[in-house]
Structure formats: C-alpha cells, structure tokens
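Asks: 3D model of this:
(2 chains)
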There are 2 protein chains.
Amino acid sequence: MSKNAAPNKEKRLSTEPYKGVRDFYPEDQSFLNYFFETCRRFVERVGYVEYHASVLEPSELYKAKGAENEEIIKDQTYTFIDRGGREVTLRPEMTPSVARMVAARRRDLGFPLRLYSMPNVFRYERPQRGRLREHWQLNVDCFGSRALAADAEIIGVAYGLMGAFGATERDFVIKIGDRAHFNDLVQKHSLSPEQSKKLFYILDRRAKAPEAEFKEGLMGLGIAQAELSPKEEPRDVAKIVEDFRNAGINNIIYAPEVVRGFNYYTGIVFEVFDAHPDNNRSLFGGGRYDNLTELFDDEPLPGVGFGMGDVTVRDFLAVRNMLPEYRPPTHLYIAVTSAELAPDAQSLAGELRRQGVNAAIDFGEKKLGDQIKAAGKHKIPWLLVFGQDEIATGRFSVRDMETGAEESLSRDELGAFFLNL
Amino acid sequence: MSKNAAPNKEKRLSTEPYKGVRDFYPEDQSFLNYFFETCRRFVERVGYVEYHASVLEPSELYKAKGAENEEIIKDQTYTFIDRGGREVTLRPEMTPSVARMVAARRRDLGFPLRLYSMPNVFRYERPQRGRLREHWQLNVDCFGSRALAADAEIIGVAYGLMGAFGATERDFVIKIGDRAHFNDLVQKHSLSPEQSKKLFYILDRRAKAPEAEFKEGLMGLGIAQAELSPKEEPRDVAKIVEDFRNAGINNIIYAPEVVRGFNYYTGIVFEVFDAHPDNNRSLFGGGRYDNLTELFDDEPLPGVGFGMGDVTVRDFLAVRNMLPEYRPPTHLYIAVTSAELAPDAQSLAGELRRQGVNAAIDFGEKKLGDQIKAAGKHKIPWLLVFGQDEIATGRFSVRDMETGAEESLSRDELGAFFLNL
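Replies: Predicted coordinates for the structure are as follows:
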C-alpha cells in the first residue's frame, strides 16, 4: 500500500527488539500468564507469599560471594556505572536480592518465612542456539529452618509444580545430591576459591563434556574419582527419598553427581530432569544455602529454595503438545453494519460488560467483512453483527467463530449466554 | 544475639536496594497485585488484550522522535553501551515499544487493535522528594482507528478505572485538551523543533510555574496569549464531553490548557486530575498519536492511549483511606506441639491443600508460643495447633487470630470450613 508515497527509507527504525530478548504478543503473553498463574496457585497452596524487587541491584551484591564472582560480574552480567558513580547490575538471579531483603527486616519477619517471586533475570550471553539474555523465573524460598522437612517441602513443591503443569511421573525425575560432601572435599584438600570453582564447574559439566576432560580436571585438583561418591548415601537424602517413596512417589532419587553451579549451596541440592530419552537434560533445580545472609549481618539465616524458568517449562510442554490453546480474554466481538450504529452498539456492549461479559466493539470504519476478519485475527470466539434489523426486532444472532453455528437471542438473554459458556 | 561472634564488619553489605527503586515485601506486593488485577479485570472487560516487551530497548527507539530527544536520552534515561557496542536503554515509557511491536506485525494483527501492558519504566531522576527511578505503569492503547469513538473509549476506560479503584465523580476530573490546535500554532509560527519543545514545556508547566515565567516564555516564541485558546471549543472535544454528559457523567470537561508533555501527540489529549482541594494535581493522562509508527514504516497507523502509574494510584487511595487491607493468600497456619508431630501435621496440610485450602505448616523447631507469634507476623487469619490430643480425639480447634475465637471441628469438616469463609 501507499507505494507511491516517498518513503524516507534511511530514517526507518528497525522493528526488532533488542538482541536476545523477546517481544510478548498476546499469544506469547498468554502463555507467560499461564506460567505465572499456575505457579502462583500452586505455591500459595503451600503457604508461599509473593515479594518482588527491582531488576536493578548494586553490583556488590553479586561480587561478595567470592573472588570468582568478579569474573562472572564482568563477563556474564549487564553491569554499568550510573551517573552517580554507582556500579549497578541487572539481576542475573533472584536469590541474592531476596537474601538482602530478608536480612534487612529479619526482626519483623516471622520464620519459617515462605517467599516466592516471578522476576525477569538477565544474563549477558551471546544470543546463540536460542539462548536468551532475559527470561522469567519463578523463585521459591523457605527461610529460617534447618529442618529436613523444609528441604523436603521445597522438593515437594518442585514435584507438585510439574504436576500442576500436567506432567506425570514418567515425564521427569528429580535427582538429589548432597553439596555438603563436596564442600567437605574442598576443605580436606584445602582447595583455593579458584580451585573450588573449578571443581564445581567440572562436576556440573560432567554429563555434557567428554569423560577425559572430566578425569583430567579432577587429577589437576589432586582428587581421586573414588572420593567423589560418599561411602554411603547421605542419611538426609535417603530419608527424603524414602518419605517420598512411602507417599507413592518414585521419581525422586539420590544422584551423587548432582552439585549445582552456584557457589552458595551448603547442603542438599537437586535438579529436575526431563525423562524424555531424546532430551535428558536438567530443567531446573535448587538447594539449601545456609550462609547467604552472612553477607549482610552477623547471624547466618538458613534457606532452601529453587528457581524455574519460563522458557524451560514452555519447551518441556511444547515437545509433549501440552501447551494450552490460546484464547483471548475477550468473549465477544460486536461488528456494526454502519458507523452510525456504533453508538447503539456501544450501549449494548456497555450493558453486557456490566453483566461481566468481555466485549470489544468495532467502530464501523471498515466494511462488515473486514470487521469480521479482524475479529478472526484476534481469535475472539463469538461474533455479533449489530444492524438495523437487530434494533428493529430486538433479536441478535451470535456466531461461534470456529464452527460458524449461530444462535438467536433476545437482548436480555445475551449476558447469561456468554457468562454460562 | 550471638554478640560474642567476631563479626567481620568491614565485609558486611548494605541491605538497601539500589537508589530510587523499591523492595516489595509481601504487603507492598499485595498492593501491586491489587493494582494489576483491578486494571486487568477492567480493561479486559472492554476488549483489551495483554502484551509485554523487554525493559531493554535499542536507544535509537527514543532518539528518533526529534532532536530534542537526544538530550532526554542522555539526561533522563538509563542508557549504556553493551559489549557488542550497542546503545541500550531501560525503557522510560511503553508507547515506543508497543508502536514498534505493532509496526512489526501490522499485516497479521487485526484492527482496531486493543492492547494493554503493565510494565516497569525507568527515569533517571535525582531520587528526591519521593520521586522514584522505577515505577509500574498500566498502558492502554487502541490502534488502527481514527474514529472519535476510539478517543471516547480510551477516555471512558480511564474514567471507568478510577471507579474500579473505588473513586467517585467528586474525587477526580478528566480535562480534555486538543493538541491539534497547538501543533497548528507551531506550523503557523514556523517554530523550530527546539522552539516547539519549549512551547509544550511552558504550557505543561503553566499550572506549576509563576505566571510571569509563562508570559515571558510565550513572548520569547512570538506567540500572543490570545492565540493559545482556540476561538471555540474544538468540535471533537465538545462531542465527547456532551456524550459523556448525556450518559450522566459530569466530571469530564474541556480544558484548553491541557497539552501533555510528550512530543508525539497529534489530537485529543487528556489528564485525570485529583479533585481534592489540597492535592489538585494531574494523576495521569494520554491522548491521540497518529504518526508514531511512521518511525518504522511508510504508513502511519493511528493510535490513542494512556498510561497510569502504581505510585499515583496508591497515593490517591492512601489519602482517602481507600487502600485495601493486607491479607496474605495463606488461609491457615498449622503449629505443632512437638517436632515429631510435623509429619502428621504435614499430612493434614496435604489433605486440606487438595481441597483447595492454602495451608502453611510449622516445622516445630521452636516453642509453640513462638510458632504462634510467627503466624501473627505473617498475618495469617487462622491458626490450628496440632498435638497428641488432636490426633487422639480427631477434633481440631481453629482459632481466629484477630478475635481469638475458637471453633472445634472434625477432620472432615476442616476443608469446607475454610473454603466457605
């Protein structure tokens, strides 16, 4: 259209979003809302309460966990200096923020404290192979308890969430490891922070990297492969696995190789794996971190939690054809046979809305056929054509946009019709 | 506590959030959710559908609207260079993002296109007098219609939202101006972009600044004060005001001085004012912008919309004592008389949750009195103490934490009790 206009091509801006982030058109947002709502409903059932923090945090929050984080800050986060000379970072994960918030008000907060949030987090990754720089992540944390029951609750929440999204036991397996054993190894071998980082790196990469690389790395640290597995299954892990088994849950197992990447874990760690043979990868995970608030005050406050990303869940559901079908929130589209009737259509829409129907109207600037096409593009399920006949007879045909079936209703019947669908 | 520990004071991090942004503890988040949900329910009733975009946008998106924006980009936004050499900005407003998204898919989207979003937006302001650097903002936009009915719908949505938050006609007034008249003035006086910016600046500041400053500014531009008011009320504005009046709405009026700050408005603009005599200020506003997508392609696509911030609404409600009382999503707290009973309490909690009750349990690490104090800090409305007596008799006392009243129920009656509250 308007090909004869003299376009000022050189001035045109790209319609692309920033590299590595996503636009959420209504259908994409609808999935995100489904993700949020499913998470919300499930974790609130177990007593978790929502909090939030700004995506901007002082960079020192991420540096403090040890020297190796300096590098991560530089290479893997969005960090910049503001005009006040403050170094600021777009949060790469939520745990440091919630630890900061809990430390700030620990005298006023009751414990155990169950918190959840659904923030966006940023990683400065090369946007390759579908890796994104921003994603949304449910974070669930329980503070103030050293009880094994808290670890079990958190693992149970991860398990239950998978079910809330429609997954069955055959779709996934939760592998529990014990970080304490490896933290003991670090002490036993007097590993430097650098070496400790290396250890968890090669352990975390073991499944993805060649076995030779793994063995070499281990040898470089002076650790024998036999030292990696505790002599026996850690008692805490065994207890959790047994309790779940007694409750009829069989896909929660002990897996000594699970260690998790983050530095701050101190006890039980776990990862939820996709059980599909073609896609046997970690979906998400978490664990116990009992020393994180030490960054802020003198008393450590125990915590256990996990984070689960929107992209992971979406991919998991997509390969199983379990994504919910898109339905807009709008129930009804009212098209008009001429623009002069728009005010009357508007007043009908007003009546229906007061009854609780979500109704959009057309302003009548286009031909009826084009109005109906627009309703179709919006995927609105029901159509009502408003014209002189309808005004004269007081009867309205509503059309099911999918099947084409029509139903004739009086003005008084319309509201109930849509509300009882 | 632990005063004898040797604190490593110099290592302690601040628990403060980044300057000018907020932490949302559960009570704060609860208001934010109330804000979001009230907006969502109302705008979806009128056919608006949710979208979202990343907070990171290419900086050029905000520069393109005219030379004067270079300055705004530099001084009033968070802008930095990423490692790929891209200039990136934390969005200061949502309209350019939605215009970009609509332009990208205009062939696939149906029009009129009704969109809303509830993003956070950033301004690099000195954090003084309670001015924040980040706030949340409902954005409502209707694309693809030049009909006056679209302007009226958007103003009607702003009006209806105020009602959805509990405001009455006496609490606020919507003032409608006509940007077209001032854009004509710019043309008539051949004002440069710089001068045009100055004109809208002094018009927008008129109510807040001394009259002398206003008159001087106007003289400097060679504009007589008499030119500011159109000879007669613009017909479009008059029609809208009259239609609302015929519908019994009397607090929507014509106000020639309303122009709005942003550059991109082309027609009707409006602002919602607090009608409280002590706080007679603009709460939020919007207007018509018919040329914004020209930045991206050759065909202009008309649009009309507004943005409404969470802080504004919160303040408006707070001074009127209209903020909703905080209630956590958790219905019930289960305390235990000893830690050994925690598994039994857990299984009761599981039963109740399956029936739809949001139940949190205590892990029994503290004395009963401290457990009950924690429930009180969480503001959970109901308490159940789980002990040997309860197991033996199968009867449970539930305590109303506000009144202290107790009710004795059998295990089977518990679920229904909480669901029917």
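Asks: all contacts plus neighbour counts: C-alpha atoms, from now on.
Replies: OK.
Asks: where in the stretch 201-350 of chain A is pLDDT low?
Replies: Along the stretch 201-350 of chain A, no part satisfies pLDDT under 70.
Asks: max-length strand in chain A?
Replies: For chain A, the longest strand by residue count, based on DSSP state E, is strand A:134-143.
Asks: Return the distance of that strand from the chain's centre.
Replies: Distance of strand A:134-143 from the chain centroid (C-alpha atoms, centre = their mean, to the nearest Å) equals 7 Å.
Asks: and the helix or strand harbouring residue A:96, does that touch chain B?
Replies: According to DSSP states H and E, residue A:96 maps onto helix A:95-104. Yes: Helix A:95-104 reaches chain B (C-alpha under 8 Å from any C-alpha of the partner chain) through A:100, A:101, A:103, A:104.
Asks: where does the residue nearest to the last one when sequence neighbours are not counted land in three-state SS?
Replies: Going back to what we said before, that points to residue A:104. Using C-alpha to C-alpha, 6 or more residues apart in numbering or on different chains and skipping residues adjacent in sequence, the residue nearest residue A:104 is residue B:15, 5.3 Å away. Three-state assignment for residue B:15 (DSSP: H, G, I helix; E, B strand; the rest coil): coil.
Asks: Let's see the pLDDT reported for the residue of the stretch 101-250 of chain A found nearest chain B.
Replies: Of all residues in the stretch 101-250 of chain A, residue A:110 sits closest to chain B, at 4.2 Å by C-alpha to the nearest C-alpha. With respect to pLDDT, residue A:110 scores 97.
Asks: What distance do you get for it to residue B:362?
Replies: 11 Å (C-alpha to C-alpha, to the nearest Å).
Asks: about what we covered before: need the contact list for the residue of the stretch 101-250 of chain A closest to chain B.
Replies: B:373, B:374, B:375, B:376, B:377, B:378 (C-alpha atoms under 8 Å, 6 or more residues apart in numbering or on different chains).
Asks: immediately after the helix or strand harbouring residue A:198, which helix or strand?
Replies: Applying DSSP H and E as the criterion places residue A:198 in helix A:193-205. Heading C-terminal from helix A:193-205, the first helix or strand you meet, by DSSP H and E, is helix A:211-220.
Asks: okay, the angle between that following helix and helix A:193-205?
Replies: Going by axes from the mean of the first three to the mean of the last three C-alpha atoms, to 10 degrees, helix A:211-220 is angled at 150 degrees with respect to helix A:193-205.
Asks: Spell out which residues belonging to the stretch 301-421 of chain A are near chain B, please.
Replies: Near chain B, when you scan the stretch 301-421 of chain A using C-alpha under 8 Å from any C-alpha, you find A:328-330, A:353, A:356-363, A:365, A:373-378.
Asks: Buried ones among the residues you listed?
Replies: By neighbour count, with 16 or more other C-alpha atoms under 10 Å in any protein chain shown, these hold A:328-330, A:353, A:356-363, A:365, A:374-376, A:378 as buried.
Asks: what's the domain layout of chain A?
Replies: Structural domains assigned to chain A are A:26-319, A:332-419, following automatic domain parsing.
Asks: just so I know, which of the ones you listed lies nearest residue B:403?
Replies: Residue B:403 sits nearest to domain A:26-319 of all the domains of chain A, at 20.1 Å, using C-alpha to C-alpha.
Asks: Distance across the closest one, terminal residue to terminal residue?
Replies: Terminal residues of domain A:26-319 lie 21 Å apart, using C-alpha to C-alpha.
Asks: what's the answer for stretch A:223-239, then?
Replies: Taking C-alpha to C-alpha as the measure, stretch A:223-239 stretches 28 Å from start to finish.
Asks: so does it get close to chain B?
Replies: No: Stretch A:223-239 is not in contact with chain B by C-alpha under 8 Å from any C-alpha; minimum separation 12.5 Å.
Asks: tell me the contacts of residue A:91?
Replies: Applying C-alpha under 8 Å, 6+ apart to residue A:91 gives the contacts A:55, A:56, A:57, A:77, A:121, A:122.
Asks: pretty sure the last one contacts residue A:131?
Replies: No: distance between residue A:122 and residue A:131: 11.4 Å, which falls outside the contact criterion (C-alpha atoms under 8 Å).
Asks: Looking at those two, which one has more neighbours?
Replies: For the pair residue A:122 and residue A:131, the greater number of neighbours falls to residue A:122 (21 against 14), based on other C-alpha atoms under 10 Å in any protein chain shown.
Asks: and stretch A:132-150, is it in reach of chain B?
Replies: Yes: shown here: stretch A:132-150 in contact with chain B (C-alpha under 8 Å from any C-alpha) through A:134, A:145, A:147, A:149, A:150.
Asks: tally of neighbours for the residue of the stretch 151-300 of chain A found nearest chain B?
Replies: Residue nearest to chain B within the stretch 151-300 of chain A (C-alpha to the nearest C-alpha): residue A:296, separated by 4.9 Å. By other C-alpha under 10 Å, 21 other residues sit near residue A:296.
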